[in-house]
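Enquirer: Need the 3D shape of this:
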Amino acid sequence: MNNRDFWHSIHSIIDEGFTANGLSKLESYAEQFITQRLVYKRFSSAEQYGCSMGGATHVIASLLAGANAATDRGVSQELTFKEECELGKAQESLIETWARKVNCWYDNADETLTLELGEQLAEGGEAHVFQHGYNLVKAIGLDYYIQPILALDRISLHNAFFPETRLTVVGFGRFRDGTFHIIVEQPYIQGTQMTDEEIALFAEHIGFKLINPRNWTFATPEIYLSDLHDENVIRSKEGNIFVVDCDIRINTPSLRCGGVRNLTTEVKII
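Expert: Numbers count the residues shown, from 1 in each chain. Below is the predicted model of the structure:
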């Protein structure tokens, strides 16, 4: 199966309304993805592994979003804000239709999570955080990304670079205001906050260059890493450093941080 045949198969599954046979095919593609027999050229091998760490639900959603992404053979299309919003809505709709079929969709997710888990522990710029035993449950919005595929990329990249605080996708939903959210679980880490200087040293130690200290932005030619402030990076009592939240993306030239990568949804079946 070549790239064209793969995406034709995905679109057929979508057009047929996610039948039982179609859902079975998606599960098979996820298994091939996780074992890297299906190579997703959007990612490096380590990044694809990070996507797999998010679970089969995360992998399938990433592929469905890819079916409506404005990328072709490695060349990113320049989009207007309106076009990007339209693409985002199309991706949301696809994921919602599939998630309802496989029972991982949360209606009124803010109310549902509060009823199941109690009052939220914290709220950030894009996420609502609840505690669930030794894990956190986060409802991640699209404020920073617009397109679900980019928010799903963020989870893949986080898992690749910071596996100790891996994000596992458990479902999707909408809040009462209609906004789309990705529901994830993450280990709960206790520790103390670090200073900006300590965080900068840590980021540089793992290969990132400080780009803008005002918004805690670091980068390599491959990866953009931002929002790395003292509430998102903690040190455990044993002295280990954990990144619990960040804005991490494939570093494309459009981010203006020295990025060299293009976005693609091309696949290769081995």
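
Enquirer: make it CA atoms for all contacts and neighbour counts henceforth
Expert: Will do.

Enquirer: Burial check on residue 268, number of neighbours?
Expert: For residue 268, the neighbour count with other Cα atoms under 10 Å is 15.

Enquirer: which SS class is it?
Expert: Under DSSP: H, G, I helix; E, B strand; the rest coil, residue 268 falls in the strand class.

Enquirer: Ignoring the adjacent residues along the chain, who's closest to it?
Expert: Excluding the flanking residues, the one nearest residue 268 by Cα to Cα, 6 or more residues apart in numbering is residue 39, at 5.0 Å.

Enquirer: wait, is the one you found part of a strand?
Expert: Yes. Assessed with three-state DSSP, residue 39 lies in a strand.

Enquirer: tally of neighbours for it?
Expert: Neighbourhood size, residue 39 [other Cα under 10 Å]: 19.

Enquirer: Would you mind listing the residues in contact with it?
Expert: By Cα atoms under 8 Å, 6 or more residues apart in numbering, the contact list for residue 39 reads 33, 48, 267-270.

Enquirer: For it, give its distance to residue 270.
Expert: To residue 270, residue 39 is 7 Å away according to Cα to Cα, to the nearest Å.

Enquirer: Out of the contacts of residue 39, grab the one that's most surrounded.
Expert: Sorting these by how many neighbours each has (other Cα under 10 Å) puts residue 48 first, at 25 neighbours.

Enquirer: in which helix or strand would I find that residue?
Expert: In the assignment (DSSP states H and E), residue 48 maps to helix 45-53.

Enquirer: And that helix, how far out from the chain middle?
Expert: Distance of helix 45-53 from the chain centroid (Cα atoms, centre = their mean, to the nearest Å) equals 11 Å.

Enquirer: Then stretch 171-186?
Expert: Chain-centre distance of stretch 171-186: 13 Å, with Cα atoms, centre = their mean.

Enquirer: so how far is the first residue of that stretch from its last?
Expert: End-to-end for stretch 171-186, by Cα to Cα: 13 Å.

Enquirer: Equivalent analysis for stretch 139-157, please.
Expert: 18 Å.

Enquirer: and what of stretch 249-268?
Expert: End-to-end distance for stretch 249-268, by Cα to Cα: 22 Å.

Enquirer: part of a strand, is residue 42?
Expert: No. Read with three-state DSSP, residue 42 is coil and lies in no strand.

Enquirer: No more questions from me, cheers.
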